[in-house]
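>>> need coordinates for the below:
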Amino acid sequence: MDNWRNLIHIFVTVFLSYFASLLVNPTIADVTMEAVCPGQDECSLAIYLTGFQQAIAGIGAVVMMPVIGTLSDVYGRKVLLTIPLTLSIFPLVILAVKRTTEFFYAYYALKTLTSMVTEGGIICLSLSYLADNVSEGKRVSAFGLLSGVVAAATVCGTFVARLLPTTQIFQVAAVVAFIAAIYMKIFLKETIRNASVEPLEEPILKSVTETSATNQDKIILKPTDLFKKMPLPKDIINLLKTNKTVSLASFVAFFNSLAEAGVQAFLMYYLKARFHFQKDQFADIWLITNIASTLSSMVLMPILAPLLGEETLLCIGLFAGFLNMLLDSIAWAPWVPYASAMLGVFLFLASPSIRSIISKQVGPCEQGIAQGCLMGIASFANIISPLIYSPLSALFLSDTAPFKFPGFSILCVGLAWFAAFIVGTMIKIQPLWSSRDRANSEPCLLA
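So this is what the prediction gives:
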């Protein structure tokens, strides 16, 4: 693997950050229910609050992700990575202090605001960092390893959550989030992207007036340049319309994110109402899912990617997601969700494949904005997801459902993955230029 010493530090940073945020996942449903509907197993208010938070955070992230990606192309990945890592600490500190109703709503408000940057910002900048340091031929494996690191963090976080009492979970998460920010600041090295590219071929980084005749003068960026570097909507649209492959991959990313958001937000409420699951049962399911994801990303993907290609792996992952939700929606016994969670071995092949496909279709100076746009699409899906699934979940888990099918909203989540699968079968990666040819002809699609 290229530049392994640089990559190990980004992997450790991502592991610590995701461990902190995902440590609270198995217990957040119980904390929410206890704060807004104490003593109840079904609560429409908790579902709507979760959906509202997801939507508002998504609206902000749609704007922020392309901006963060573009600014990282200008000022560096490490500088921008400091922002989401720092912001992720504060909501955890609130619930680490106390989990009363008042403190929960303070956490809820701050989490909604910080999620605009933290939810996709860390992974967006990490993917861009990998693209800077890994050649195109190995990029899908590197992205798969990053997904494996996230899954491993989830496994460890879920396992620790299984052992810790709720009173200590948020305290441990806050401390680990702080350590992640400090580790990144000390050990992670900024990368120099494609030094062989001529200055005039990097218009996002340099303007014609900023390039001196010697090409060796240090570029000084004024504060007003910050706003000039931000991408306009037309820049994002032009990037997504680069070719048919990018356009189709963008549609797949949307439907995939729509389904992922639905699972993360509403599956626990469905299982709680259907089988009266608690924190430990949720932890077991996330543990199985993410052990499968870790094996998939770290073992299967590096082996299968050179043999089958990203397009095939993408379709396998998307269809596995559909089967997973189909089984959950018709679950007839408490063990069924545990069995369907093992499909995570194939489900988690999808996201790294999409990211690799997009990454290979843009130039070296657009990796940040490309991954930022991809996360912006995911954030837009986070806006749409609660608008669809919150009313469906609340309706079909209530006594006023039009027909008795508690898992109907979960089936609809699966249909989003099936739609992504249909579009994914149309993707064909175009032949790639060599790095030198790309640099000499058209490295920047936004030029």
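
>>> how about the CA coordinates for stretch 152-169, as CSV?
Coordinates of each C-alpha in stretch 152-169 appear next as CSV, following Å, rounded to 0.1, in the frame of the first residue of the first chain:
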residue,chain,number,x,y,z
ALA,A,152,-14.1,-2.4,13.3
ALA,A,153,-14.7,0.8,15.4
THR,A,154,-18.4,0.0,15.4
VAL,A,155,-17.7,-3.6,16.6
CYS,A,156,-15.5,-2.4,19.4
GLY,A,157,-17.8,0.4,20.3
THR,A,158,-20.8,-1.9,20.4
PHE,A,159,-18.9,-4.5,22.4
VAL,A,160,-17.8,-1.9,24.9
ALA,A,161,-21.4,-0.6,25.1
ARG,A,162,-22.5,-4.1,25.9
LEU,A,163,-20.2,-4.1,28.9
LEU,A,164,-20.6,-0.5,30.2
PRO,A,165,-23.6,0.8,32.1
THR,A,166,-25.4,3.7,30.4
THR,A,167,-24.1,6.2,33.0
GLN,A,168,-20.5,5.6,31.8
ILE,A,169,-21.0,5.2,28.0
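
>>> tell me the buried residues in it?
152-161, 164, 166, 169 (16 or more other CB atoms under 10 Å). For the C-beta atoms, the positions are set from N, CA and C on the backbone; glycine is no exception.

>>> mean confidence for it?
For stretch 152-169, the mean pLDDT works out to 82.

>>> which of the helices and strands in the protein ranks last by mean pLDDT?
Using mean pLDDT, DSSP states H and E, the weakest-scoring helix or strand in the chain turns out to be helix 435-441, at a mean of 41.

>>> work out for me the element the nearest residue in space to Ile94 that is not next to it in sequence sits within.
Using CB to CB, 6 or more residues apart in numbering and skipping the chain neighbours, the partner closest in space to Ile94 is Tyr107 (4.3 Å). Per DSSP states H and E, Tyr107 falls inside helix 101-133.

>>> after that helix, which helix or strand is next? Please name it.
Counting by DSSP H and E, what follows helix 101-133 is helix 136-163.

>>> quick one: distance of that following helix to the chain centre.
Taking CA atoms, centre = their mean, to the nearest Å, one finds helix 136-163 lying 12 Å from the centre of the chain it belongs to.

>>> let's number from 725 now, not from 1
Sure thing, new numbering starts at 725, so read that last one as helix 860-887.

>>> after that helix, next one along is what?
helix 890-911.

>>> measure how that following helix sits relative to helix 825-857, angle-wise.
Calculated by axes from the mean of the first three to the mean of the last three CA atoms, to 10 degrees, helix 890-911 forms an angle of 30 degrees with helix 825-857.

>>> against which helices or strands is helix 890-911 packed?
helix 728-746, helix 749-760, helix 801-811, helix 813-821 (3 or more CB pairs under 8 Å, 6 or more residues apart in numbering; DSSP states H and E).

>>> in JSON lines: those, plus mean neighbour count, distance to Tyr907 and mean pLDDT.
Formatted as JSON lines, the helices and strands packed on helix 890-911 follow (neighbours: other CB atoms under 10 Å; distance: least, CB to CB, whole Å; pLDDT from 0 to 100):
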{"stretch": "helix 728-746", "mean neighbour count": "21", "distance to Tyr907": "6", "mean pLDDT": "86"}
{"stretch": "helix 749-760", "mean neighbour count": "20", "distance to Tyr907": "22", "mean pLDDT": "81"}
{"stretch": "helix 801-811", "mean neighbour count": "21", "distance to Tyr907": "9", "mean pLDDT": "90"}
{"stretch": "helix 813-821", "mean neighbour count": "21", "distance to Tyr907": "13", "mean pLDDT": "90"}
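
>>> so which of the ones you listed is nearest Leu869?
helix 728-746 (7.2 Å; CB to CB).

>>> what's next to that closest one, contact-wise?
725, 805, 809, 812, 816, 842, 846-847, 850, 853-854, 857-858, 866, 869-870, 873-874, 876-878, 880-882, 897-898, 900-901, 903-904, 907-908, 911-913, 915, 1010 (CB atoms under 8 Å, 6 or more residues apart in numbering).

>>> of those, buried ones?
805, 809, 812, 816, 842, 846-847, 850, 853-854, 857-858, 866, 869-870, 873-874, 876-878, 880-882, 897-898, 900-901, 903-904, 907-908, 912, 915, 1010.

>>> ok, Met1022 touching Leu870?
No. At 10.0 Å, Met1022 does not count as touching Leu870 under the criterion of CB atoms under 8 Å.

>>> residue closest to the middle of this structure?
Nearest to the mean C-alpha position of the chain, by CA atoms, centre = their mean, lies Gly844 at 5.1 Å.

>>> measure it to Tyr799 for me?
18 Å (CB to CB, to the nearest Å).

>>> repeat for Gln764
Taken as CB to CB, the span from Gln764 to Tyr799 is 48 Å.

>>> which of those two has more neighbours?
Tyr799 (17 against 12; other CB atoms under 10 Å).

>>> any idea how far Ala1125 is from that one?
51 Å.

>>> which SSE is Lys1152 in?
Using DSSP H and E, Lys1152 falls outside every helix and strand.

>>> what sits against it?
Contacts of Lys1152 by CB under 8 Å, 6+ apart are Thr969, Glu1035.

>>> picking up where we left off before, mind checking which of the helices and strands packed on helix 890-911 is nearest Leu1098?
Comparing those by CB to CB, helix 801-811 comes nearest, at 15.5 Å.

>>> for the closest one, packing partners?
Counting by 3+ CB pairs under 8 Å, 6+ apart, helix 801-811 packs on helix 728-746, helix 768-799, helix 825-857, helix 890-911.

>>> now render the ones you listed as JSON lines, adding distance to Trp1056.
Converted to JSON lines, the helices and strands packed on helix 801-811 look like this (distance: least, CB to CB, whole Å):
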{"stretch": "helix 728-746", "distance to Trp1056": "29"}
{"stretch": "helix 768-799", "distance to Trp1056": "23"}
{"stretch": "helix 825-857", "distance to Trp1056": "34"}
{"stretch": "helix 890-911", "distance to Trp1056": "31"}
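
>>> buried ones in the helix or strand containing Leu1011?
Assignment of secondary structure by DSSP H and E places Leu1011 within helix 1003-1019. Residues 1003, 1005-1019 are the ones in helix 1003-1019 that count as buried (16+ other CB under 10 Å).

>>> now do stretch 778-795
Quick answer for stretch 778-795 (16+ other CB under 10 Å): 778-782, 784-786, 788-795.

>>> dump stretch 1053-1070 to CSV, restricted to CA.
Taking C-alpha atoms only, stretch 1053-1070 is exported to CSV below (Å, rounded to 0.1, in the frame of the first residue of the first chain):
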residue,chain,number,x,y,z
SER,A,1053,-39.8,-6.7,7.5
ILE,A,1054,-41.3,-10.2,7.7
ALA,A,1055,-39.4,-11.3,10.8
TRP,A,1056,-41.5,-14.0,12.5
ALA,A,1057,-39.2,-14.6,15.5
PRO,A,1058,-36.6,-12.6,17.5
TRP,A,1059,-33.7,-14.6,15.9
VAL,A,1060,-34.5,-13.5,12.3
PRO,A,1061,-32.9,-10.0,12.7
TYR,A,1062,-29.8,-11.7,14.0
ALA,A,1063,-29.6,-14.0,10.9
SER,A,1064,-30.3,-11.2,8.4
ALA,A,1065,-27.6,-9.1,10.0
MET,A,1066,-25.0,-11.5,8.7
LEU,A,1067,-25.8,-10.3,5.2
GLY,A,1068,-23.6,-7.3,6.2
VAL,A,1069,-20.7,-9.4,4.7
PHE,A,1070,-22.0,-8.4,1.3
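
>>> fine, thanks again, bye for now.
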